[in-house]
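S.K.: The following block contains a protein sequence and its predicted model.
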Amino acid sequence: MKIAISGKGGVGKTTIMALLANQFKKEGKEVLIIDADPSPHMAQTIGIKAIDKIKPIAEMTQLLVERSGKVEGSPFYQINPKVDDLLQKFMIEQDGIRLMVLGAIQTAEGGCACPENTVLKRMLTKLLLSPTQVVLLDMEAGVEHLGRGTIAGVDHLLIVVIPSKSSVRTALKIKKLAADSGIPKISFVGNLVQDEDDEDFLEKALGEAPVSLFPDSSVIRKAERNGQPLTRMTEQVTEAPEKLVKFLQSAD
């Protein structure tokens, strides 16, 4: 199963991805997270200490140019790059959860992330998974990645939304673009929900109830501030991760 997560900036998609990864691991799945956010911080979220050992794909400039087939001076990229060996070369593991980081453009003149996204798109479409394997893709905030078709190979898109009008507007826009892109399954996940008023607001504004609701948890905020891995905080968010995993498995 290949699952992507998206939403407006600041809605907590990385937090939910970490909790989701831990719940899948608890249920015996082999979990690979791909952090495709231009400002990646999934490594810290799941407790990886040796961050300097991570090889972001975006930093391997020459390799990316070779794999994506870009001709110097041309705006075009070869859309079928070889990616077989990238999984092991750019992978790091923590507490049974594996992580790959796409990386970020580090300079103002760095240009677009076209080679990285070409390789990522090919990787997602090429991966053949067994029933015990799950790939979780943490996308950049907003809607631009949908225009690039990066997540065309995923089975399910989760759109994280908090009880605010701006978050709902972005979530609905993401859903429309995702549907136009041909993503087969799209669901909303509520976050920072405090009470029934928040639940009612989300259901009415979205036109459907989120498939799972994560609470506004002071425990999770404190854990993040103290650098504690959120993968060990599942018990602090009631039944939300377990409910979300059950939904995803039933929808698969």
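M.R.: Yes, it's here.

S.K.: Pretty sure E242 sits against N22.
M.R.: No - between E242 and N22 there is no contact under Cβ atoms under 8 Å: 10.6 Å. From N, CA and C alone the C-beta is placed, and that goes for glycine too.

S.K.: Neighbour count for the two, which is higher?
M.R.: N22 (23 against 16; other Cβ atoms under 10 Å).

S.K.: Checking the more buried one next. Helix, strand or coil?
M.R.: helix (DSSP: H, G, I helix; E, B strand; the rest coil).

S.K.: The closest residue to it other than its chain neighbours - how many residues pack around it?
M.R.: With sequence-adjacent residues excluded and distances taken as Cβ to Cβ, 6 or more residues apart in numbering, N22 is closest to T231, at 4.0 Å. As a burial measure, T231 scores 22 neighbours (other Cβ under 10 Å).

S.K.: For T231, give me its contacts.
M.R.: Neighbouring residues of T231 by Cβ atoms under 8 Å, 6 or more residues apart in numbering: A18, L19, A21, N22, K25, T45, I46, G47, D95, I97.

S.K.: And the furthest pair within those residues?
M.R.: K25 and T45 (14.3 Å; Cβ to Cβ).

S.K.: These two: which is more packed in?
M.R.: Shown here are K25 and T45; by other Cβ under 10 Å, T45 has more neighbours (25 against 17).

S.K.: Tell me the bridge partners for Q94.
M.R.: I97 (DSSP bridges).

S.K.: can you check L136 too?
M.R.: I3, I33.

S.K.: isn't it right next to K13, touching?
M.R.: No - in this structure L136 lies outside contact range of K13 using Cβ under 8 Å: 10.6 Å.

S.K.: Find residues that contact each of these two.
M.R.: Joint contacts of L136 and K13 (Cβ under 8 Å, 6+ apart) are I5.

S.K.: Over to F201. Which of the three states is it?
M.R.: Assignment for F201 (three-state DSSP): helix.

S.K.: what about it, how many neighbours?
M.R.: 17.

S.K.: go on, the one 4 residues further on?
M.R.: Other residues lying near A205 total 17 when counted by other Cβ under 10 Å.

S.K.: Chain neighbours aside, what residue packs nearest to it?
M.R.: Closest to A205 by Cβ to Cβ, 6+ apart is V168, at 4.4 Å.
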